[in-house]
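S.K.: Here is the input, now give the coordinates:
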Amino acid sequence: MTLRSLMPDECIRTATSLFECMHASPTLENSERLAHWLGTNPRHVRALEIALTQWGLAQSGHPVAPAHDA
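M.R.: Residues are numbered from 1 along each chain as shown. Sure thing, here's the model as predicted:
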């Protein structure tokens, strides 16, 4: 079992959504929303790390498997 398989897909989708919202519109409100979510559960930090890795790979043109296949 990999560490990735221990992270619920919902957490990664939420992290991705919050990051993309902040990236598209870098406002204090969007930053605070992400920071608040990160502070509610230590696993959310790992979910954001996974989401950012997938986002970075996608931005660089590398294929990224859906979260449930990783």
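
S.K.: from here on, contacts and neighbour counts on C-alpha atoms
M.R.: Fine.

S.K.: What's the local residue count around Leu48?
M.R.: Neighbour count for Leu48, taken as other Cα atoms under 10 Å: 22.

S.K.: residues contacting the residue nearest to it when sequence neighbours are not counted?
M.R.: In space, and not counting its chain neighbours, Leu48 is closest to Ala15: 5.0 Å by Cα to Cα, 6 or more residues apart in numbering. Shown in contact with Ala15 (Cα atoms under 8 Å, 6 or more residues apart in numbering): 34, 44, 47-48, 51.

S.K.: Looking at those residues, which is nearest Pro8?
M.R.: Checking the contacts of Ala15 against Pro8 by Cα to Cα gives Ala47 as the nearest, at 8.4 Å.

S.K.: Against Ile12, how distant is the closest one?
M.R.: 5 Å (Cα to Cα, to the nearest Å).

S.K.: try Trp37
M.R.: Here Trp37 is placed at a distance of 12 Å from Ile12 (Cα to Cα).

S.K.: And these two? Which one has more around it.
M.R.: Ile12 (24 against 16).

S.K.: ok, and for the helix or strand where that one lies, which residues are buried?
M.R.: Using DSSP states H and E, the element containing Ile12 is helix 9-24. Buried residues in helix 9-24, counting neighbours by 16 or more other Cα atoms under 10 Å, are found at 11-16, 18-22.

S.K.: Dump these into TSV; add pLDDT and distance to Asn30 as well.
M.R.: As requested, those are exported to TSV (pLDDT from 0 to 100; distance: Cα to Cα, whole Å):
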residue	pLDDT	distance to Asn30
Cys11	95	17
Ile12	94	17
Arg13	95	16
Thr14	97	13
Ala15	97	12
Thr16	96	13
Leu18	97	7
Phe19	97	9
Glu20	96	10
Cys21	97	7
Met22	95	5
